[in-house]
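In: Prediction below, plus the sequence it came from.
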Amino acid sequence: MSTQKILIVDDDANLRQALRLRLRANHYDTVHAVDGYSAIAQAYKERPDLIILDLGLPAGDGFVVLDRLQRDDKLSDIPVVVLTARDPQSSEERAFAAGATAFFQKPADNGELLDMIRAALPRTSPPPAMPS
Amino acid sequence: MSEPTTHVLLIEDNPGDADLIRLRLVEGKSPVDVSCAHRLADGLASLAQKPPSVLLLDLNLPDSQGADTYRRVLEKAPNVPVVILSGQDDEELAINALHQGAQDYLVKDAITSGGLDRAMRYAVERQALLRSLEMSRKQQLEFKNKFLSHVSHELRTPLTCIHQFVTILLDGLAGELTPEQREHLTTVLKSANQLGAMVRDLLEATRAESGKIRIERRCVSIPDLARLAVTMLQAAAREKRVGLELGVDAALPFVHGDPDRILEVLINLIDNGIKFTPPEGAVTVQASRALMDPDFACISVVDTGCGIPPEARALIFERLYQDPNAIDDNRKGLGLGLFITKELVELQGGRIWVASEPGQGSTFSFTLPLYSLAKLLTPVIVHEQRLRESLVLVRVDLLPRTRPPRGNWKDICSRALELLQRCVYLDKDLVLPPMTSSGPEQTFFTVASTDMRGAEIMMTRIREQMSQLTELKGNGDCMVSATAVPLPDSQGGRSLEEQVQGVADCVTEMARIATRPRRVSDSAGKSMENAGHAPA
């Protein structure tokens, strides 16, 4: 069984590390990007199964990333879970309109976030086994 | 040095008075140009076309008299300085207008050119000052709101970091913990969650103040919501050894409100009740029709806590109010909870109040408007003074493929509701406001004045419309079904109103049974302040 790969896009190094630990414990593979520009580059290079995307990013914010992903046939199918400190009232609708699969405000509940990742991942491979 | 010309609009019906004032104006030191209107309607038209520097207004005109005249001027041109022209006998009217915001008044018989000149100057100056004060008040409010929204955003990033790493440690992802370490980390997590709740309240209060809270009204079952709120807070009550009970009238009709906001209100009140009730005490949630007004539901949260002294009762719903006697650290917050709660209730057309005796506990009560299906149904199901021959309840279910649903499920559901509206005849059918459900599944009901054959055609139309909703494809499924509504026997001597009420009750019951939450516990954990999540 191949492990599913998640691209974590966040400019906060601590948060990237925390998400990596959490996702690896749940048997996902992770790759990282620190800004909008490298997020798109990583998406092309790594072809992740899912992207966790912060909205407030240097070098092209999250909406720019969403837009670029949508416009490329090879990337537009990748589910994007937005994880941001921004107010949902001002950015949730815009994120969905730009192609996001789900929207979470930081700090998000880990259980809800993992449930969503499981639901959003394409069903080509069986879902990863849960650690005890 | 030449002064700029003052544009004066004079609204005065007495030609003699008008001429006299015009004369006094021209005699004055500063250059003026005067336009004159004899009726209020002409004056208002002129105000709209070219706002003058100052308006001289007689209150008694052929087409408007007294206080009403100034009120109509204020509506049309709130920023134009107004000097009232009064007679000897109606000075009181003029003084009233001053209270409403007019700048000055002059008694017509005693007008001198110097006095008139000065009154106009002062009026213009004061009005300009008022406007700049109002502008700076608005700017300050806007700045404060921006600042608070910025602060709460910036606080979230470090808060997220604390939350993430503490839960990583608590979930054992970084190695085993000793019981003592676990205990300390649980305290850190609890404090971080409290901080998170404060940041949320800060933003919510800012929104309430600037009128930016969104309310999405639906048909809401209060008994179901109260049960959900009690389930969500049961653990917190148990931890404090406080009983948490439910005493709601199960037959309470639906209310018309936003279920998420009502739940927020219930949680705030119950949570407060638990906080201020000592161990072995109890918090009870009650709901029934309001005694004073049968068009409202009244929901109460009763505790057996320390009670609230009379002087605090008046302040308790104010922003930043905190109980000065609270010692327990857990009781402390920003003092925004009840302020937000009050705003949420009032935005939904209800009121909130508290009754309490120190030492005897407190009862927080709020009302919400009941949803009257009979009123909405009447024009649809009554035709030529009789009930229609047959009625059908058409049900549309939207079921997400995944849990939680993918995409903007809420938006998909509201788009589906719009499409459903297009499938009905407005004079014969009624799409009911959406019902609350405990899960993401959404059910829409339509009462259609047709028989089962007609319902088949309608269902085909609905299925066709829903297949146009591209966002639904892949994310969810749509199911459509229909049931005949049993009609009351018109021979029974019941009035038409009673018959309509009978149908409304029957439809309500059918909808209530159909949307009864399957498992309340399903969504109960969702909004709880969850401790660290160990993958199940």
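Out: Right, received. Where do you want to start?
In: B:Met479 belongs to a strand, doesn't it?
Out: Yes. Applying DSSP: H, G, I helix; E, B strand; the rest coil, one finds B:Met479 inside a strand.
In: Not counting residues beside it along the chain, what's closest to it?
Out: Sequence neighbours aside, B:Asp397 is the residue nearest to B:Met479 in space, at 4.4 Å (criterion: Cβ to Cβ, 6 or more residues apart in numbering or on different chains). To be clear about C-beta, it is placed using only N, CA and C from the backbone, and glycine gets the same treatment.
In: and what of A:Ile40?
Out: A:Arg68 (5.1 Å).
In: How many residues are close by that neighbour?
Out: Neighbour count of A:Arg68, defined by other Cβ atoms under 10 Å in any protein chain shown: 18.
In: distance of it from B:Ser152?
Out: 29 Å (Cβ to Cβ, to the nearest Å).
In: And the helix or strand where the residue nearest to A:Ile40 lies, how far out from the chain middle?
Out: Here A:Arg68, judged by DSSP states H and E, is contained in helix A:62-71. In terms of Cα atoms, centre = their mean, to the nearest Å, the centre of helix A:62-71 is set 12 Å apart from its chain centre.
In: One more: stretch B:337-350?
Out: 7 Å.
In: For it, buried residues please.
Out: B:Gly337, B:Leu338, B:Phe339, B:Ile340, B:Thr341, B:Lys342, B:Glu343, B:Leu344, B:Val345, B:Leu347, B:Gln348, B:Gly350 (16 or more other Cβ atoms under 10 Å in any protein chain shown).
In: Quick check: next helix or strand after the strand or helix carrying the fifth one?
Out: Secondary structure assigned from DSSP H and E places B:Thr341 in helix B:337-347. Reading on from helix B:337-347 to the C-terminus, the next helix or strand found by DSSP H and E is strand B:352-357.
In: give me the residue from the stretch 251-400 of chain B nearest chain A.
Out: With Cβ to the nearest Cβ, the shortest gap between the stretch 251-400 of chain B and chain A falls at B:Pro400, namely 8.9 Å.
In: thought that residue was touching B:Gly476?
Out: Yes. Contact criterion Cβ atoms under 8 Å: B:Pro400 and B:Gly476 qualify, at 4.5 Å.
In: between these two, who's got more neighbours?
Out: A count of neighbours by other Cβ under 10 Å puts B:Gly476 above the other of B:Pro400 and B:Gly476, at 24 against 21.
In: Identify the contacts common to B:Pro400 and B:Gly476.
Out: Each of B:Trp409 lies in contact with both B:Pro400 and B:Gly476 under the rule Cβ atoms under 8 Å, 6 or more residues apart in numbering or on different chains.
In: What is the neighbour count of the residue lying closest to A:Leu55 once chain neighbours are set aside?
Out: Distances taken as Cβ to Cβ, 6+ apart place A:Gly62 nearest to A:Leu55, at 3.5 Å, with adjacent residues excluded. The local packing of A:Gly62 (other Cβ under 10 Å) involves 26 other residues.
In: thinking A:Gly62 is in contact with A:Ile51, fair?
Out: No. Taking contacts as Cβ under 8 Å, A:Gly62 lies outside contact range of A:Ile51: 10.0 Å.
In: what sits in contact with each of those two?
Out: A:Val9.
In: So for the helix holding B:Thr341, mean pLDDT?
Out: Averaged across helix B:337-347, pLDDT comes to 90.
In: what packs against it?
Out: On a contact count with 3 or more Cβ pairs under 8 Å, 6 or more residues apart in numbering or on different chains; DSSP states H and E, helix B:337-347 meets helix B:179-209, helix B:259-275, strand B:352-357, strand B:361-369.
In: show me where pLDDT drops low in the stretch 1-150 of chain B?
Out: Low-confidence segments of the stretch 1-150 of chain B (pLDDT under 70): B:1-2.
In: For it, just list every one of the strands.
Out: B:6-11, B:32-37, B:54-58, B:82-86, B:104-107 (DSSP state E, counting those that start in this stretch).
In: Name the residues that touch the shortest one?
Out: In this structure, residues lying in contact with strand B:104-107 by Cβ under 8 Å, 6+ apart are B:83-88, B:91, B:94-95, B:97-98, B:115-116, B:119, B:122-123.
In: List, one by one, the residues from the stretch 301-450 of chain B near chain A.
Out: Contact residues (Cβ under 8 Å from any Cβ of the partner chain) of the stretch 301-450 of chain B with chain A: B:Thr402, B:Arg403, B:Pro404, B:Pro405, B:Arg406, B:Gly407, B:Asn408, B:Asp411.
In: Of the residues you listed, keep whichever come out buried.
Out: B:Thr402, B:Pro404, B:Pro405, B:Arg406, B:Gly407, B:Asn408.
In: Quick one, which of those residues has the minimum pLDDT?
Out: Within those, pLDDT is lowest for B:Gly407, at 71.
In: Let's see the pLDDT reported for the residue nearest the centre of chain A.
Out: Ranked by distance to the mean C-alpha position of chain A (Cα atoms, centre = their mean), the top residue is A:Ile52 at 1.3 Å. With respect to pLDDT, A:Ile52 scores 96.
In: Over to B:Asp522?
Out: As predicted, B:Asp522 sits at a pLDDT of 38.
In: And B:Thr436, by the same measure?
Out: 64.
In: just B:Ile274 next, same as before
Out: So B:Ile274 comes in at 91 (pLDDT).
In: What's the separation between it and B:Pro223?
Out: B:Ile274 is 20 Å from B:Pro223, where distance means Cβ to Cβ.
In: out of those two, which sits in the more crowded spot?
Out: B:Ile274 (23 against 16).
In: For the residue most central in space within chain B, which non-adjacent residue is closest in space?
Out: Closest to where the C-alpha atoms of chain B average out (Cα atoms, centre = their mean) is B:Leu347, at 2.1 Å. In this structure, B:Leu347 finds its nearest non-sequential neighbour in B:Ile215, 5.3 Å apart by Cβ to Cβ, 6+ apart.
In: tell me the SS of that neighbour?
Out: Per three-state DSSP, B:Ile215 ends up coil.
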